[in-house]
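Asker: got a sequence here, can you model it:
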Amino acid sequence: MDYKTYSDKVREGAALTEAGDHMAAIDIFVALVNSDISDLDKANMCNNVAVCCDKLKQIEQALAWYEEGCNYERPYFRCYLAEMKAVYLSNLGRTAESIAIYEELLPQPFLLEHDKERIWNNLMILKNPRKP
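Answerer: You can find the predicted model right below:
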């Protein structure tokens, strides 16, 4: 797929998401995942699908799409989708699952120092929540 077509499709999906037509946006983003774009762009499209699924209250489908995105980015030593999944789980109140992701990420040798610090801080927040 050429870049212009890709870019146009992403903009179309984003506009549909913004307009609240999440099912139509999902169709566009899934088509992009199934196309010949790069794996890291596929990971980003998985993130978009997960966000749309969440808007539709399809929590397990959103989690599955986050995991699909992780599968695309993992071979390239990336963890953006893993962190997004951890945040999503935390927001759902599924703290133990979120902590498990952060604990798996923290020792990864490909992390930059600021990544380690962010992950560590998020882990500490989840492990030591402030009492109101």
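Asker: got the contact list for the helix or strand hosting Leu16?
Answerer: Secondary structure assigned from DSSP states H and E places Leu16 in helix 3-19. The list of residues contacting helix 3-19 from outside it, by Cβ atoms under 8 Å, 6 or more residues apart in numbering, reads 22, 24-25, 28-29, 31-32, 35, 37, 41, 45, 48, 51-52, 55. Using the backbone N, CA and C atoms, a C-beta is placed for each residue, glycine as well.
Asker: same question, stretch 112-128
Answerer: So stretch 112-128 is contacted by 79, 83, 86-87, 90, 95, 98-99, 102-103, 105-106, 111 (Cβ under 8 Å, 6+ apart).
Asker: buried stuff in that stretch?
Answerer: Asp115, Ile119, Asn122, Leu123, Leu126 (16 or more other Cβ atoms under 10 Å).
Asker: separation between the nearest residue to Ala31 once chain neighbours are set aside and Ala43?
Answerer: The shortest distance from Ala31 to any non-neighbouring residue, by Cβ to Cβ, 6 or more residues apart in numbering, is to Lys9 (7.4 Å). From Lys9 across to Ala43, the span is 16 Å (Cβ to Cβ, to the nearest Å).
Asker: ok, the two, which is more surrounded?
Answerer: Neighbour count, other Cβ atoms under 10 Å: between Lys9 and Ala43, Ala43 has more, with 23 against 18.
Asker: which SSE is the more buried one in?
Answerer: Going by DSSP H and E, Ala43 is part of helix 39-55.
Asker: who are the packing partners of that helix?
Answerer: helix 3-19, helix 22-33, helix 59-73, helix 80-91 (3 or more Cβ pairs under 8 Å, 6 or more residues apart in numbering; DSSP states H and E).
Asker: make JSON lines out of these and add distance to Arg130 and mean pLDDT.
Answerer: Shown next, in JSON lines, are the helices and strands packed on helix 39-55 (distance: least, Cβ to Cβ, whole Å; pLDDT from 0 to 100):
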{"stretch": "helix 3-19", "distance to Arg130": "33", "mean pLDDT": "98"}
{"stretch": "helix 22-33", "distance to Arg130": "34", "mean pLDDT": "98"}
{"stretch": "helix 59-73", "distance to Arg130": "26", "mean pLDDT": "98"}
{"stretch": "helix 80-91", "distance to Arg130": "14", "mean pLDDT": "97"}
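Asker: noted, bye for now.
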